[in-house]
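Asks: Got a predicted model here, sequence first, then my questions.
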Amino acid sequence: MKVYVVGIGMTNFEKPGRREDFDYPAMALEATRSALADANLVYSDVERAFVGYCYGESCCGQKSLYQLGMTGIPIVNVNNNCATGSSALYLAHEMVAGSRSDCVLALGFEKMERGSLGSKWDDRANPAEDLIASMVEKYGFESGPPTAQLFGNAGREHMSKYGTKPSHFAKIAHKNHLHSANNPRSQFRDEYSLEQIESSKCIHDPLTKLQCCPTSDGAAAAVVVSERFLRMRPDLREAAVEIMSIALTTDLPSTFNGSAMNLVGYEPPDSTRKINGSFRLEYIIFLSLTPTEGCFVPIVDVGRNAAKYAQGTTGFVNSFPFPILKLSLFCEPNVMKEQSAKIADVQLYSSQCARSF
């Protein structure tokens, strides 16, 4: 069965602690009400909900949505690190595509802390310990956030293999910061020169501070419906955007074959994909590549035609949050606005091969 997004909602994204009375229930309420209003629906139309977050106690989803009504629907809490929002949207899609539900809410929120992300549980195995151990075996462990080291080392490997330069990574951050200046939801809307980005504090070579995402508080939501639902509500047809395809995968044995790029999920760029985007070099490792005689040439030097291969619909991630909570979900509003021609002054090119969220 065909699956559509008919409504989206999103809060502003704020530096943790900056905005008063912005606990996760308030974020969730704002985003969900906005999504329902955008779809011209009410909460009682929703048949089930998937709620993504990482930083919080169990059942925060129920706490958030009970504000809208206690309708008895299944509310499933989702925690899948950087794929949390993507997973909530994926599960909503699966329920509709499998004819189990006709109207499903995907919601993501996060209330975070200032500073670099760290481990919360020191009395049990860390799920990332195998990744870190594999990295340390080849690259050692330096000062700085472990995640930045994982991606920074992947950038170093890419430079070694393909001749990529630190300036290529900096150009991606420059592009993103320019777009974020036009996005009113961005946490930071400052423009930076390429020189400022390159000379900002080194976090883990080649990554500088302005190539890394901040932590942030915020929420986003999407209402996902079936073809059958649209037949019952033909007034929603014009604004509906079909989800043509969505996939979710996990690691393969090749993840641990000694490649730093594989540790962060690299695959040849042969299909449309969503990337994490927490560190600017991911755009090059995952997307900004084009095969040329067996090599890979960064297309960030190509200019506007680069959108033929990869697109960042908002280019906002450097000034938006580290997207733990809701990766697809905080981007869904921007993608929806692009598809329905509701957004301007950001990157809106026709993409043949990939769209970066």
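Replies: Noted; the coordinates are in hand.
Asks: switch to C-alpha atoms for all contacts and neighbour counts from now on
Replies: Noted.
Asks: so where do the strands sit in the stretch 1-150 of the chain?
Replies: Using DSSP state E, counting those that start in this stretch, the strands of the stretch 1-150 of the chain run over residues 3-10, 48-52, 75-78, 103-110.
Asks: Tell me which of those is the most buried.
Replies: Ranked by mean neighbour count, those are led by strand 103-110 with a mean of 31 (mean count of other Cα atoms under 10 Å).
Asks: Partner strands of that one, with direction?
Replies: According to DSSP bridges, the neighbouring strands of strand 103-110, each with its direction, are strand 48-52 (parallel), strand 218-226 (antiparallel).
Asks: What are the contacting residues of that strand?
Replies: 24, 27-28, 31-32, 45-55, 84-85, 88-89, 92, 95-96, 216-226, 229, 324-326, 329-330 (Cα atoms under 8 Å, 6 or more residues apart in numbering).
Asks: give me that answer again for 7 Å
Replies: Taking contacts as Cα atoms under 7 Å, 6 or more residues apart in numbering, the residues outside strand 103-110 that touch it are 24, 27-28, 45-55, 85, 88-89, 92, 217-226, 325-326, 329.
Asks: Centre of the chain to it, how far?
Replies: Taking the mean of its C-alpha atoms, strand 103-110 sits 14 Å from the chain's own mean (Cα atoms, centre = their mean, to the nearest Å).
Asks: now that strand and strand 3-10, what's the angle there?
Replies: Between strand 103-110 and strand 3-10, the angle comes out at 40 degrees (axes from the mean of the first three to the mean of the last three Cα atoms, to 10 degrees).
Asks: Distance check, R228 against S99.
Replies: As for R228, its distance to S99 is 9 Å (criterion: Cα to Cα, to the nearest Å).
Asks: now A35
Replies: Applying Cα to Cα, the value for A35 to S99 is 22 Å.
Asks: Give me the more crowded residue out of those two.
Replies: When A35 and S99 are compared on other Cα atoms under 10 Å, the one with more neighbours turns out to be A35, at 26 against 15.
Asks: which ones are touching that one?
Replies: The neighbours of A35, taking Cα under 7 Å, 6+ apart as the test, are G7, I8, G9, A221, A222, V223.
Asks: Check M261 too.
Replies: Residues in contact with M261, defined by Cα under 7 Å, 6+ apart, are A154, E157.
Asks: So what's the predicted local confidence for it?
Replies: pLDDT, M261: 92.
Asks: List phi and psi for it.
Replies: phi -70, psi -40 (degrees, to the nearest 10).
Asks: now the closest residue to N12 other than its chain neighbours: how far from R48?
Replies: On the basis of Cα to Cα, 6 or more residues apart in numbering, the spatially nearest residue to N12 that is not a chain neighbour turns out to be R185, at 4.4 Å. Applying Cα to Cα, one obtains 27 Å for the distance of R185 from R48.
Asks: and if you look at A37?
Replies: Note on A37: its distance to R48, by Cα to Cα, is 17 Å.
Asks: Likewise for Y192?
Replies: In this view, Y192 and R48 are 43 Å apart by Cα to Cα.
Asks: Same check on H174?
Replies: When Cα to Cα is applied, the distance between H174 and R48 equals 40 Å.
Asks: Now do the buried residues in stretch 198-213.
Replies: Using 16 or more other Cα atoms under 10 Å as the test for burial, stretch 198-213 gives E198, I203, H204, P206, L207, T208, K209, L210, Q211, C212, C213.
Asks: Confirm that the first one sits in a strand.
Replies: No. Counting by DSSP: H, G, I helix; E, B strand; the rest coil, E198 is located in no strand; its state is helix.
Asks: residue contacts, the nearest residue to it once chain neighbours are set aside?
Replies: Closest residue in space to E198, ignoring its immediate chain neighbours: A170 at 6.1 Å, by Cα to Cα, 6+ apart. For A170, the residues meeting the contact criterion (Cα under 7 Å, 6+ apart) are L194, I197, E198, Q211.
Asks: Return the distance of the third one relative to L207.
Replies: I take that to be E198. Counting by Cα to Cα, the gap between E198 and L207 amounts to 9 Å.
Asks: G7 touches V225, doesn't it?
Replies: No. G7 lies out of contact with V225 (Cα atoms under 7 Å); the separation is 9.5 Å.
Asks: helices and strands around the helix or strand encompassing S160, which ones?
Replies: According to DSSP states H and E, S160 maps onto helix 146-162. Contacts defined by 3 or more Cα pairs under 7 Å, 6 or more residues apart in numbering; DSSP states H and E place helix 146-162 against strand 202-204, helix 260-263.
Asks: Grab the nearest non-local neighbour of G98.
Replies: Nearest residue to G98 in three dimensions, chain neighbours excluded: M1, at 6.8 Å (Cα to Cα, 6+ apart).
Asks: What of N77?
Replies: With Cα to Cα, 6+ apart as the criterion, N77 has its nearest non-adjacent residue at 4.9 Å, and that residue is V51.
Asks: What strand or helix carries the residue nearest to E198?
Replies: Secondary structure assignment for A170, by DSSP H and E: helix 166-180.
Asks: Going along the chain, name the helices of this protein.
Replies: Read by DSSP state H, the chain holds these helices, from start to end of the chain: 24-39, 60-65, 84-97, 129-139, 146-162, 166-180, 194-199, 227-232, 260-263, 281-282, 327-339.
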